[in-house]
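Trainee: sequence and predicted structure below; questions after.
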Amino acid sequence: MNKLSDLRKSYEQGELDVDLAASEPTLQFKQWLEEALASQLPEPNAMTLATVGAEGRPSTRVVLIKGFDARGIVWFTNYDSRKGRELAANPFAALQFHWVELERVVRIEGRVTRVDVEESDVYFQSRPLDSRLGAWASPQSQVISSRATLVSNAARAAVQHGLYPPRPPHWGGYRLLPERWEFWQGRKSRLHDRISYRLDAGVWVKERLAP
């Protein structure tokens, strides 16, 4: 078994020049996301979401991006989950994409708001039926006695709602409105490329960071 301290990797797949990076972070993100999708990476839409609750303790979990534009990054979840409760207490969060095969990381920080009801409704109805029933069945982040509880809840939701379950009131979308972005491209000898974008009086300022 390899010792963790002996694990090494030389990053040599690409580079990110500050002068060639897009003038706005959403354009750079769009380019990198499209390249991740085109490369057929496993779950290129997976991102780590970090939140901090009222007690000041951070927590992370993996969620899936379901949309983005100039307004920010969107995902959907249970409002009563741990992340939902923490966002209610502290509406700031951080996101991170790690595309290992491309040796790239994208980090995003900003304020989080709920998307409007109509947007949540539209996305919910686009989900497979079992996922819609699952949103009713799972009291996310709460302690349950066994998996049988989930199965029973799902069966009860299927009987109650049939083929057209409505969106539960405790389930919907969030949007992170970016205030800071960072794009990381692995480079040889640990001299990685790090390009940050920060808002200054409504204008994105692009800067190179030391690795």
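Mentor: Received it, and whenever you're ready, just let me know what you need.
Trainee: helix/strand/coil for the one residue sitting closest to the centre of the chain?
Mentor: Most central in the chain under C-alpha atoms, centre = their mean is M47, positioned 3.7 Å from the mean C-alpha point. Classification of M47 by DSSP: H, G, I helix; E, B strand; the rest coil places it in strand.
Trainee: same for the strand of greatest length in the chain, what does it pack against?
Mentor: Counting residues, the longest strand found in the chain (DSSP state E) is strand 171-185. The contact analysis (3 or more C-beta pairs under 8 Å, 6 or more residues apart in numbering; DSSP states H and E) places strand 171-185 against helix 25-38, strand 72-78, strand 104-114, helix 117-126, strand 193-200. All C-beta spots, glycine's among them, are computed from the backbone N, C-alpha and C.
Trainee: what stretches of this structure score poorly on pLDDT?
Mentor: Within the chain, the segments meeting pLDDT under 70 span 1.
Trainee: tell me the buried residues in stretch 91-103?
Mentor: Buried residues in stretch 91-103, counted by 16 or more other C-beta atoms under 10 Å: P91, A93, A94, L95, Q96, F97, W99, L102, E103.
Trainee: will you turn the residues you listed into JSON lines that also has distance to L7 and secondary structure?
Mentor: As requested, the buried residues of stretch 91-103 are arranged in JSON lines below (distance: C-beta to C-beta, whole Å; DSSP: H, G, I helix; E, B strand; the rest coil):
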{"residue": "P91", "distance to L7": "38", "secondary structure": "coil"}
{"residue": "A93", "distance to L7": "30", "secondary structure": "strand"}
{"residue": "A94", "distance to L7": "26", "secondary structure": "strand"}
{"residue": "L95", "distance to L7": "26", "secondary structure": "strand"}
{"residue": "Q96", "distance to L7": "21", "secondary structure": "strand"}
{"residue": "F97", "distance to L7": "22", "secondary structure": "strand"}
{"residue": "W99", "distance to L7": "19", "secondary structure": "strand"}
{"residue": "L102", "distance to L7": "19", "secondary structure": "helix"}
{"residue": "E103", "distance to L7": "15", "secondary structure": "coil"}
